[in-house]
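S.K.: what's the 3D shape of this:
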Amino acid sequence: MFAKKDNLLGLDVGSHSVKMLQLKLKDGSFHLAGLGLAPLPREAFSEGRVNQPELVANRIKTLFKNLKLKGKLVAAGVSGYDVMIKKIEVPAMSEKELDNRMQSELGQYIPYRIEEVDVDYQIMDLVKDSPNSMEVLLVAAKKESVSEHVNMVRQSNMSTQVMDVDFFALNNAFETTYGVSDGTVALLDIGSHKAIMNIMIQNLTPYTRALSIGGSQITDAIKDRFKLTFDEAERMKLGYIPNKYSKEELQEIVSSVIRNWISEFKRVIDFYLTNYPHRDIEKIYLSGGSCRIPGLKKVFHEHMDIDVDIFNPLNKINYDSKAFDPAYLDYIGPQMAISLGLALRKAG
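M.R.: Prediction:
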């Protein structure tokens with residue numbers, strides 16, 4: 001998972017859409033080679049898992065063809081729900097010694113059967129107050145989820161070169177955009193059916209969490225209140241309000257759901273602060289397809305005593321203004337955070 005690879009397509013498969021982005025390195029800086037997304041029908045997913053992989057693979061294939069991208073090597077990401085990330089402390093040792101130790105002691109660190117997961121780990125640093133010990137970042141991903149992604153990419157006539165984790169991809173996109181920060185920030189990427197949250201202390205991530213919140217909850221609330229179809233409710237959520245409906249009532253529905261999100265978000269922050277009491281969060285960055293829901297940023301501002309902003313990872317990426325519409329990039333950018341983080345990985 002941690003291996004560096006060369007000029008890959010960042011492929012982010014969510015329950016609402018497939019997102020793809022490719023970068024090229026030119027004169028020491030990143031340039032946008034192409035990006036886009038393709039909506040997925042609701043029947044492609046069930047309870048957060050792909051149940052029609054052939055349909056998703058065809059959307060990936062069509063999107064790649066329409067974007068006219070080069071190369072078919074992919075960096076894909078597994079979801080926070082299917083991943084365990086843990087920091088452990090072990091006596092200071094070489095990588096070879098660590099490999100031998102992990103083979104014999106892995107079971108004590110992972111709450112799954114070893115045969116059910118793919119595991120990777122990386123030495124981070126010596127422990128500050130104990131130089132004879134070192135920190136190791138341990139990641140275990142369910143083999144079922146990894147195989148699901150690899151097989152979908154294969155069915156789309158491409159090849160998976162890197163399997164990353166969406167938490168790490170989000171971090172990489174943020175660091176590329178803002179550089180190394182001295183402070184503590186929270187990243188919240190909100191999709192259709194789930195959100196992932198990273199808390200970064202000086203660009204290290206001591207705390208990650210997958211949250212059961214997403215834009216589909218707002219769509220369902222609108223659908224139930226106004227007795228609409230799902231598609232009609234989805235359009236209203238995005239701001240297309242027929243004259244016969246009350247704008248104020250719609251805003252209250254949206255605000256009510258977002259307030260529930262914030263309550264869950266606050267509980268996670270409170271738990272984090274029990275472990276890091278002197279590391280208050282200074283700023284919250286929102287990304288993901290649902291961060292553009294009208295009124296979301298305003299409700300966050302009203303209920304969080306922390307500065308809130310939209311995270312657009314394309315702000316610091318060079319692009320040809322003749323090939324890409326700046327207004328479109330500004331709108332779609334927050335949805336592309338994870339795919340951009342994946343595209344930063346390299347092959348070779």
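S.K.: which strands and helices sit next to the lengthiest helix in the chain?
M.R.: In the chain, assigned by DSSP state H, the helix with the most residues is helix 247-275. With contacts taken as 3 or more CB pairs under 8 Å, 6 or more residues apart in numbering; DSSP states H and E, helix 247-275 sits against strand 184-190, strand 195-201, strand 204-211, helix 215-226, helix 296-303. Just so you know, the C-beta spots here come from the backbone N, C-alpha and C atoms, and that holds for glycine as well.
S.K.: other SSEs contacting the next helix or strand after the fourth one?
M.R.: Which is helix 215-226. Following helix 215-226 in sequence order, the next helix or strand is helix 230-237 (DSSP states H and E). Packed against helix 230-237 by the contact rule (3+ CB pairs under 8 Å, 6+ apart) you find helix 215-226.
S.K.: just checking: what are the partner strands of the helix or strand hosting Thr160?
M.R.: Here Thr160 is covered by strand 159-165, with elements defined by DSSP H and E. For strand 159-165, the pairing partners within the sheet under DSSP bridges are strand 73-78 (parallel).
S.K.: three-state assignment of the most far-flung residue of the chain relative to its centre?
M.R.: Largest separation from the mean C-alpha position in the chain: Lys244, at 37.2 Å (CA atoms, centre = their mean). Classification of Lys244 using DSSP: H, G, I helix; E, B strand; the rest coil returns coil.
S.K.: mean confidence score for the longest helix of the chain?
M.R.: For helix 247-275, the mean per-residue pLDDT is 92.
S.K.: report the buried residues of that helix.
M.R.: Leu250, Ile253, Val254, Ser255, Val257, Ile258, Trp261, Ile262, Phe265, Val268, Ile269, Tyr272 (16 or more other CB atoms under 10 Å).
S.K.: what's the angle between whatever helix or strand comes next after that helix and strand 184-190?
M.R.: Scanning forward in sequence from helix 247-275 by DSSP H and E, the next helix or strand is strand 283-287. Per axes from the mean of the first three to the mean of the last three CA atoms, to 10 degrees, the angle that strand 283-287 makes with strand 184-190 is 20 degrees.
S.K.: before we move on, back to that, could you tell me the least trusted of the helices and strands packed on helix 247-275?
M.R.: strand 204-211 - the lowest mean pLDDT of the helices and strands packed on helix 247-275, at a mean of 85.
S.K.: partner strands of that strand and their direction?
M.R.: For strand 204-211, using DSSP bridges, the partner strands are strand 195-201 (antiparallel).
S.K.: how far off helix 247-275 does the partner strand point, in degrees?
M.R.: 40 degrees.
S.K.: quick one: strand 195-201 to chain centroid distance?
M.R.: Offset of strand 195-201 from its chain centre (CA atoms, centre = their mean, to the nearest Å): 10 Å.
S.K.: give the closest residue to Glu43 in space, chain neighbours not counted.
M.R.: Leaving aside its sequence neighbours, Glu43 sits nearest to Gln52 (CB to CB, 6 or more residues apart in numbering; 6.4 Å).
S.K.: now for the one you found, how many residues are close by?
M.R.: As a burial measure, Gln52 scores 14 neighbours (other CB atoms under 10 Å).
S.K.: roughly how far apart are it and Ser94?
M.R.: 47 Å (CB to CB, to the nearest Å).
S.K.: what about Lys96, how many neighbours?
M.R.: Counted by other CB under 10 Å, the residues lying close to Lys96 total 8.
S.K.: kind regards, and thank you for your time.
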